[in-house]
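# the sequence and its predicted three-dimensional model are supplied below.
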Amino acid sequence: MSTATAVPQTHELEGDDARETLTRTGWGRLARDSFERFRAADGFSHSRGLAFQFMLTAFPALIAFVGAVIDLDQKDFRRLIEETMNEVALGPTGGLVTSALEQGDKAGSGSGLVVLVGGIAALISATGAMGQIERGANRIYGIESDRATIRKYAVAALLALTVGVLILLAFVTFIAGSAIERAGAATGWSETAVTAWQFARWPVVLVFVLAGFSMLFKMSPRRRQPSMSWLAAGAVVTVVLWFAFTGALLLYLTGAETFGDTYGPLAGIVGLLLWSLLTSVAIFVGLAFAAQLEAVRAGVSEPATDEDANAMPGVSEATSQGPF
């Protein structure tokens, strides 16, 4: 497994240092070197592994979600869910939830055991996804080994329950905001509540998503990271790439009229696979940007290293003095 140039530990850095380094180096140069760091750390392989974990998380979560909606048997809530999912979904992907709900109606009811097992399976898979993020983050920062197994997956489970849920809710709220607004008005929201939702969701979602990715970047690598204000630059890169990739994929899926005809019921799964891969790439490129920014600040501007290169001074401290 290839590894990028090691980034010396500089955990005292704050957001002001990041702005100074960005101004001095330039976004263009940092973007090129960050992609080189991403490639040197075999970022595409880590992205494929993370996309696989995303899929393993999505399907048991869908099973639990559909079972819970059916068991609740609330028509207004179900209408809100269906409209929201159709707004969020990428092209034919929205049919997955609608088809699952229709099939659940034919069965008559959901199952509490199915909901429980699906939820547990989704949490286990999400924990594996966060562990994959740690593995990729460590290689991007030039760290050869991950945390000890128990510690690694304890941190991963914590990230799944906090950062994972936060980012998911932020993205769903951002993309499906108008659908939630319409469904809320239809289910009895007051005019004041609808107006408050229209304006309040934008700054809240922005803060949540940046904080979520900054927290993910801070806790994932096996090293002592700088402050989250310093890591925010990498989080911004991830968010921008995610929306760009998602928008381009959405244009493709909705613009290609033959896509649904060609793949039939598999169209939603194909769309979800593509989205998972692009999302994974965005996460690791953002991590590479944060790592390269810190490396430049520490005087190590070269992102790639030869396979026989020795570890940089300070790497042993970086891999052993982290908070986890």
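Received it, and whenever you're ready, just let me know what you need.
# compute the number of surrounding residues for L169.
14 (other CB atoms under 10 Å). Using the backbone N, CA and C atoms, a C-beta is placed for each residue, glycine as well.
# an error on my part: the question was meant for S280.
By other CB under 10 Å, 25 other residues sit near S280.
# OK, contacts around it?
S280 sits next to 46-48, 50-51, 54 when contact means CB atoms under 8 Å, 6 or more residues apart in numbering.
# does it lie in a helix or a strand, and which?
Secondary structure assignment for S280, by DSSP states H and E: helix 267-297.
# and for D16?
Here D16 is assigned to helix 15-25, by DSSP H and E.
# per-residue confidence averaged over that helix?
Averaging pLDDT along helix 15-25 yields 82.
# list the buried residues of that helix.
Across helix 15-25, burial judged by 16 or more other CB atoms under 10 Å covers 17-18, 21, 25.
# ok so, going back, what is the mean pLDDT for the helix holding S280?
Averaged across helix 267-297, pLDDT comes to 89.
# give the buried residues for it.
Buried residues in helix 267-297 (16+ other CB under 10 Å): 267-297.
# likewise stretch 220-231?
Using 16+ other CB under 10 Å as the test for burial, stretch 220-231 gives 220-228, 230-231.
# in helices only, show me those residues.
If you go by DSSP state H, these have 228, 230-231 in helices.
# ok and the helix holding D16 relative to helix 267-297, angle-wise?
Using axes from the mean of the first three to the mean of the last three CA atoms, to 10 degrees, the inter-axis angle of helix 15-25 relative to helix 267-297 is 90 degrees.
# what is helix 15-25 packed up against?
If contacts are counted by 3 or more CB pairs under 8 Å, 6 or more residues apart in numbering; DSSP states H and E, helix 15-25 sits against helix 228-255, helix 267-297.
# rewinding a little: among the contacts of S280, which one sits closest to G136?
Of all those, G136 sits closest to H46, with 3.3 Å by CB to CB.
# give me the distance between the closest one and R139.
Distance from H46 to R139, counting by CB to CB, to the nearest Å: 7 Å.
# likewise for F208?
28 Å.
# among those two, which residue is more densely surrounded?
R139 (26 against 18).
# Three-state assignment for P8, please.
At P8 the chain is in coil, as set by DSSP: H, G, I helix; E, B strand; the rest coil.
# repeat that for the one 4 residues further on.
Secondary structure of E12, reduced to three states by three-state DSSP: coil.
# find me the pLDDT at the nearest residue to it once chain neighbours are set aside, would you?
Leaving aside its sequence neighbours, E12 sits nearest to P226 (CB to CB, 6 or more residues apart in numbering; 7.1 Å). Looking at P226, its pLDDT is 88.
# just N310 next, same as before
Reported pLDDT for N310: 43.
# just P92 next, same as before
At P92, the pLDDT value in this model is 52.
# do E191 as well
Here, the pLDDT recorded for E191 equals 73.
# could you check how many residues crowd around it?
Counted with other CB under 10 Å, the neighbours of E191 add up to 8.
# just checking, I283 touches A235?
No. Under the criterion of CB atoms under 8 Å, I283 is not in contact with A235, lying 9.8 Å apart.
# who touches both of those two?
Counting by CB under 8 Å, 6+ apart, the residues touching both I283 and A235 are F213.
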